[in-house]
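Student: Pasting the sequence and the predicted model now:
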Amino acid sequence: MSLDQRVEPVDPAVRVRIAPSPTGPLHIGTARTALFNYLFARRTGGTFVLRLEDTDVERSTPEFEQDILDGLHWLGLDWDEGPGRGAEPDHGPFGPYRQMQRLARYRAISDRLLAEDLAYYCYCTAAELDAERKRLEAAHLPPRYSGRCAHLTAAERAAFEAEGRRPAIRFRIEPGIVAFDDLVRGHVEIDASALGGDLVIVRAEGTPLYHFCVVVDDAAMKISHVIRGEDHLSNTPKHILLFRALGEAEPLFAHLPLILNPDRTKMSKRKSQTALDDYINEGFIREGLLNYLALLGWSTGSEEEILGLDEIAARFSLEHVQKAGAVFDRERLEWLNGQWIRRLPPAELVDRLRPFVQREADAGRIDGLPADSELQALVPLVQERLPVLGAIGDLVDFLFTDRLVLDPAILVPKRWDGPTTLDGLGAAREALFAIDPAGFQPDRLEEALRALAEARGWKAGDLFMAIRVAVTGRTATPPLFETLAALGQERTIERLDAAIAVLGGPSQERGGS
RNA sequence: GCCGCAUUCGUCUAGAGGCCCAGGACACCGCCCUCUCAAGGCGGAGAUCACCGGUUCGAAUCCGGUAUGCGGUACCA
């Protein structure tokens, strides 16, 4: 088996990172970017770093941070270096891994840029900048900072200070073409004059900004490959200019295609379900999610598609990353998720189903919690019927409730009428009642009911459907005889009696005639 | 507006000049299996490879232009 000649060779010097912002719950797009970084690290024998970009103090919260860390861990995308989860300490030689804990470093570097005149203090207020931008837009010119503060004298600065103005720090964007070779998109050139003028790297209030921190940290953490979403492609020249100003080697860049809403715009909370938690709560499992996400914007280059994390890592290559955005297709996710649920060992499936069964109980949809052994016994009946774990309720709730609600409208099979149904259920009741309790097993039940249908000239399917609805309240259920056996003889008889009553039939004494 | 990137079935994709009047998967339709629902099997429909030119004996694949879409353009990340 010859490996693709173009895959990246094993290179322990590879260092990649995922750098989420704790301003919201873990986003499916962040999860995918994390996955691709993780895969690249695994494939090359490199290091996967996690860094929290929490400089947007207004919107960042410890809860979101926790959610992101937990989500990545849940997916199995554990990081070699980065913050610890919960009480765990940070690990790795390049910490701290939260940007708000790295302020001293940003401060030192912005001071240096200031001293080298690669950056300068800007006293413009938000209102002034806004007015300037509006004027340019009105004149159909691209918004760009005028450079008003680019060459202030000491006296001018003192005057602004005297007014009580606090300065932001701007990085000088020098004219010229910035070019780089993106590992996914090839050669890219952007004219620095299109970058909007000198870039604010530190707020007036003193905290550093994203474009600055990302470069300082990627340099400090020796990141070799920046693998991120395409939405950062246009920002890359700013980063490259910053790397150069810092005297640091630029990393290699790889911009991944965006995950899209159905209308082909960038996937957003407004138009799609973006929080990983929401998928977890529906009962998507990590294997399915990982497999699906890996195939969104990447392929093996062959027709293989159902692959586990290790198999994906063994095949991963940036060469096969797609250039165009990919619409998030929930149907395909569900299919893949079902594939992986079917592959789970029974005991494992029971473990994963537990929280979802618990939820049915919490919601009052079932009256008691089935034991593991009971759940395990149901696995053969439900395993291939679960696109998501959350579907377990609809499949088995009727087994664990004492208050079955019967809809008379579906109690009568399509080809039958009321009297026939009544007749059928009554006859079935007698036949099932006659079975020895010890023999209340699928094979025996099927035998008895088929014999009954034959004797009465009914189509077996019609009889079975009448019993199914009477006993489960549903028209779609796991196989009937296994279901009746799981329910037990006594409850089966009770439910048949209840259905007969609903249809207006004679109420029968317990024990029957 | 300006800058950048992209464009193969509805969707995810294979495809690196002849193997392609384009293959697989999801979804859809039909048949089989079948006690329902699933799962599974088999089959079908579905893409003039965005468009126009060029290079070439030959182009989905190379080149140029056009169109459309998306992304970026913050003292957000």
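Tutor: Done, it's in.
Student: just the helices in the stretch 1-150 of chain A please.
Tutor: Assigned by DSSP state H, counting those that start in this stretch, the stretch 1-150 of chain A shows helices spanning A:28-44, A:62-75, A:103-115, A:126-138.
Student: Quick check: which of the ones you listed is nearest to RNA strand B?
Tutor: Closest to RNA strand B of those, according to Cβ to the nearest atom of the strand: helix A:126-138, at 5.6 Å. All C-beta spots, glycine's among them, are computed from the backbone N, C-alpha and C.
Student: Tell me how far A:R98 lies from RNA strand B.
Tutor: 11 Å (Cβ to the nearest atom of the strand, to the nearest Å).
Student: dump the residue contacts of that residue.
Tutor: A:R98 is in contact with A:R51, A:L52, A:D54, A:P83, counting by Cβ atoms under 8 Å, 6 or more residues apart in numbering.
Student: what sits against A:L389?
Tutor: A:L389 touches A:E282, A:G283, A:F284, A:I285, A:I341, A:R352, A:L353, A:F356, counting by Cβ under 8 Å, 6+ apart.
Student: nearest to A:H255, of those?
Tutor: Closest approach to A:H255 among these (Cβ to Cβ): A:F284, at 26.8 Å.
Student: Look up the pLDDT of the spatially closest residue to that closest one that is not a sequence neighbour for me, please.
Tutor: Setting aside the residues directly before and after it, A:F284 is nearest to A:N337 in space (Cβ to Cβ, 6 or more residues apart in numbering), at 5.1 Å. Looking at A:N337, its pLDDT is 98.
Student: Same question for the one 3 residues further on.
Tutor: According to the predicted model, the pLDDT of A:W340 comes to 98.
Student: can you tell me which helix or strand it belongs to?
Tutor: Following DSSP states H and E, one finds A:W340 within helix A:330-343.
Student: Could you tell me the angle between the direction of that helix and that of helix A:28-44?
Tutor: 50 degrees (axes from the mean of the first three to the mean of the last three Cα atoms, to 10 degrees).
Student: Helix A:330-343 and RNA strand B, are they touching?
Tutor: Yes - against RNA strand B, helix A:330-343 shows contacts by Cβ under 7 Å from any atom of the strand at A:E331, A:R332, A:E334, A:W335, A:G338, A:Q339, A:R342.
Student: Who are the packing partners of that helix?
Tutor: Applying 3 or more Cβ pairs under 8 Å, 6 or more residues apart in numbering; DSSP states H and E, one finds that helix A:330-343 contacts helix A:286-294.
Student: wait, what's in contact with A:I173?
Tutor: A:A192, A:L195, A:G196, A:G197, A:D198, A:L199, A:K238, A:L241.
Student: hang on, the earlier thing: of the residues of helix A:330-343 next to RNA strand B, buried ones?
Tutor: A:E334, A:G338 (16 or more other Cβ atoms under 10 Å).
Student: Which two of the residues of helix A:330-343 next to RNA strand B have the greatest separation?
Tutor: Farthest-apart pair in those is A:E331 and A:R342; separation 16.9 Å (Cβ to Cβ).
Student: Tabulate the helices of the stretch 1-150 of chain A (JSON lines), appending mean neighbour count, mean pLDDT and distance to A:L484.
Tutor: Formatted as JSON lines, the helices of the stretch 1-150 of chain A follow (neighbours: other Cβ atoms under 10 Å; pLDDT from 0 to 100; distance: least, Cβ to Cβ, whole Å):
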{"stretch": "helix A:28-44", "mean neighbour count": "24", "mean pLDDT": "97", "distance to A:L484": "42"}
{"stretch": "helix A:62-75", "mean neighbour count": "18", "mean pLDDT": "97", "distance to A:L484": "38"}
{"stretch": "helix A:103-115", "mean neighbour count": "15", "mean pLDDT": "97", "distance to A:L484": "68"}
{"stretch": "helix A:126-138", "mean neighbour count": "12", "mean pLDDT": "89", "distance to A:L484": "72"}
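Student: Just put those in a markdown table and tack on distance to A:L463.
Tutor: Listed next are the helices of the stretch 1-150 of chain A as a markdown table, based on distance: least, Cβ to Cβ, whole Å:
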| stretch | distance to A:L463 |
| --- | --- |
| helix A:28-44 | 47 |
| helix A:62-75 | 46 |
| helix A:103-115 | 75 |
| helix A:126-138 | 75 |
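Student: In a markdown table: these, plus distance to RNA strand B.
Tutor: A markdown table is the format used below for the helices of the stretch 1-150 of chain A (distance: least, Cβ to the nearest atom of the strand, whole Å):
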| stretch | distance to RNA strand B |
| --- | --- |
| helix A:28-44 | 9 |
| helix A:62-75 | 11 |
| helix A:103-115 | 11 |
| helix A:126-138 | 6 |
